[in-house]
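Colleague: this one's structure only:
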Ligand SMILES: *Cc1c(COP(=O)(O)O)cnc(C)c1O
C-alpha cells in the first residue's frame, strides 16, 4: 500500500522484513558446533542506518540481546525510549568515541562502554570522582588501523584495569575486520582473528580472569554470514539487519558456506508524492544547466525531494524512479529540494503520482545497490544519508 497524504518524501519500514532478518541470524547462530551459541547484537548507529532509530527499535527491541551504537547521545536516547515505552532495559554498548564526561553519563544509564583510545585514563578518573562503575569492553587493534589498542601495548596502556579501585569492570573484548566485504577469501580476516586471540590472552593475563570469561566479539554482518569461526560469543549485525548483503562478494562467499543462501529482505522503501505534473513542449529544457532537452512533447512530474534529503546529486541523468509500477527516468540534474521525472509513458493525465525512489512498486525494484552503482558509492551510504527528519512509517507488509 502506498501512503499519499504527505508533502515531503517519506520512508516506509517493513516490520515483517525486519523480523525475517532477525530470524535469519537467529537461525545461523543456533546450533553452533561448539555448543556455545553467539548472542545477536544489532548495530543501530547512524539513525539505524538511516532507517530511523525509534521506529526500528519499536519493532525489534524485544527480539535482540545487545544494541550497539556509535554515539553516547543515542544510547541515552534509547534508555529514555525504554522508560517511556515501559520496555525492559536491553544491554547497550557504545562502540564509538566517548569523552570522559560521556563515560559518566553512560555509567549512570547502565550503558556499557568501549575502551578504545587515550581517553580511558581521564574517563576512569571522572568515574572515580563520581563513585561510579562501568561495564567495559576493550577494543583490540588487529589491522583495521582505526581505534583500539595493539595487543603489545595493552599491559602498559591498560595496566590500570588490574588495579583494585579501577572503576571499569571489563566484561568483553572486541575488534573489527578490515577486509571481509571486498573479498571472497578471508586471509586478512584470519590474520586479524589471530591478533585478536593474542589481545584476548594478554588482557586475560592482566586481569587475572580465566580464559573464556570475557565476551569476545569481532564479527559484523559479513563475517557473521561467511566466517563461522569468527562468530565467537556475540556478533554485531548492521547492514544485514536492514536486509542488505554487505557486498556482492559476501553473497558469493555465503553460497560456499551454506548451500542455501540466507534470505535477507530489504526493510526500507522511500517514496514521494508529486508536487506538480505538467506537459512540456518539444524543445523545452529541464533543470539547472539545461542539461536535458525534451525531444518531444513530454509529461513531467516534479517531486519535492533532492540532495538535501539524501537523494544524491550524482544520480542526475542516471537514475529512474518507479511510478505506477513502471520505470520513469529522472531528467536533468537532481536539485537541492526537487527532482523532475519523465512520466509520459506511465500516466495519462496531470493528476498527482507517487514515485518510489527506493523499493518496490508492482514488479519493479529500485534497490539501494542500484542507486549506489549510479551514484558511485555503496548502499551503506545511500541509506544512512536519507535525511533524519523525513517521516518514517512502520508498515506490516
Ligand atoms: C558499523 C560497525 C559494525 C556493523 O557493520 P555491518 O557491516 O553494517 O554489519 C560492526 N562493528 C563495528 C565496530 C562497526 O563500526
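Modeller: Sure, I can see it. The shown structure was predicted, so the numbers you read here are calculated from the model rather than taken from an experiment.
Colleague: Average pLDDT for the host helix or strand of residue 56, rounded please.
Modeller: Per DSSP states H and E, residue 56 falls inside helix 53-60. In this model, helix 53-60 has a mean pLDDT of 98.
Colleague: give me the element residue 104 is part of.
Modeller: Residue 104 belongs to helix 100-108, assigned by DSSP H and E.
Colleague: ok, and what's touching that helix?
Modeller: With contacts defined as Cβ atoms under 8 Å, 6 or more residues apart in numbering, helix 100-108 is touched by 72, 75-76, 94, 98, 112-113, 119, 122-123, 125-127, 130, 132-134, 167. Where you see a C-beta, it was placed from the backbone N, CA and C, and this is true even at glycine.
Colleague: Next: stretch 29-43.
Modeller: Under Cβ under 8 Å, 6+ apart, the answer for stretch 29-43 is 22, 25-26, 49, 60, 64-69, 93, 215, 217, 220, 224, 228, 231-238, 241.
Colleague: Tell me if it is near the ligand.
Modeller: Yes. With Cβ under 6 Å from any ligand atom as the measure, stretch 29-43 is seen reaching the ligand through residue 43.
Colleague: again, but for stretch 123-143
Modeller: No. Stretch 123-143 does not reach the ligand (Cβ under 6 Å from any ligand atom); its nearest approach is 8.1 Å.
Colleague: now stretch 9-25
Modeller: No. Using Cβ under 6 Å from any ligand atom, we find that stretch 9-25 stays clear of the ligand, coming within 10.6 Å at best.
Colleague: Could you list the buried residues of that stretch?
Modeller: Using 16 or more other Cβ atoms under 10 Å as the test for burial, stretch 9-25 gives 9-15, 17-18, 20-22, 24-25.
Colleague: Just the residues you listed: which are in strands?
Modeller: Members of the buried residues of stretch 9-25 lying in strands (criterion: DSSP state E): 10-14.
Colleague: now the strands for the stretch 151-300 of the chain?
Modeller: Using DSSP state E, counting those that start in this stretch, the strands of the stretch 151-300 of the chain run over 168-174, 215-217, 234-237, 268-273, 276-280, 285-286, 292-293, 298-303.
Colleague: Switch those strands over to a markdown table, and while doing so, append distance to residue 312, mean neighbour count and mean pLDDT to every line.
Modeller: Supplementary listing: these in a markdown table, determined by distance: least, Cβ to Cβ, whole Å; neighbours: other Cβ atoms under 10 Å; pLDDT from 0 to 100:
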| stretch | distance to residue 312 | mean neighbour count | mean pLDDT |
| --- | --- | --- | --- |
| strand 168-174 | 32 | 22 | 97 |
| strand 215-217 | 33 | 24 | 97 |
| strand 234-237 | 26 | 26 | 98 |
| strand 268-273 | 12 | 24 | 98 |
| strand 276-280 | 23 | 15 | 98 |
| strand 285-286 | 18 | 18 | 98 |
| strand 292-293 | 17 | 18 | 98 |
| strand 298-303 | 15 | 23 | 98 |
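Colleague: closest to the ligand out of the ones you listed?
Modeller: Smallest distance to the ligand across the strands of the stretch 151-300 of the chain (Cβ to the nearest ligand atom): 3.8 Å, for strand 234-237.
Colleague: Report all helices and strands that the closest one contacts.
Modeller: helix 15-29, strand 39-43, strand 66-69, strand 215-217, helix 221-226 (3 or more Cβ pairs under 8 Å, 6 or more residues apart in numbering; DSSP states H and E).
Colleague: In a markdown table: the ones you listed, plus distance to residue 378.
Modeller: Output for those, formatted as a markdown table (distance: least, Cβ to Cβ, whole Å):
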| stretch | distance to residue 378 |
| --- | --- |
| helix 15-29 | 19 |
| strand 39-43 | 16 |
| strand 66-69 | 20 |
| strand 215-217 | 23 |
| helix 221-226 | 13 |
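Colleague: wait, what's in contact with the residue of the stretch 51-200 of the chain at minimum distance from the ligand?
Modeller: Closest approach of the stretch 51-200 of the chain to the ligand (Cβ to the nearest ligand atom) occurs at residue 176, with a separation of 4.1 Å. By Cβ under 8 Å, 6+ apart, residue 176 lies in contact with 139, 142, 144, 146, 148, 218, 220.
Colleague: Next up, phi/psi of it, please.
Modeller: phi -140, psi 130 (degrees, to the nearest 10).
Colleague: now it: how far from residue 226?
Modeller: Taking Cβ to Cβ, to the nearest Å as the measure, residue 176 falls 16 Å from residue 226.
Colleague: Ok, residue 144 next?
Modeller: 18 Å.
Colleague: Give me the more crowded residue out of the two.
Modeller: residue 226 (25 against 13; other Cβ atoms under 10 Å).
Colleague: if we can go back for a sec, show me which pair in the ones in strands among the buried residues of stretch 9-25 is furthest apart.
Modeller: 10 and 14 (13.8 Å; Cβ to Cβ).
Colleague: Count the neighbours of residue 372 for me.
Modeller: Residues near residue 372, counting by other Cβ under 10 Å: 19.
Colleague: Poorly predicted segments of the stretch 251-397 of the chain, please.
Modeller: The stretch 251-397 of the chain contains no residues with pLDDT under 70.
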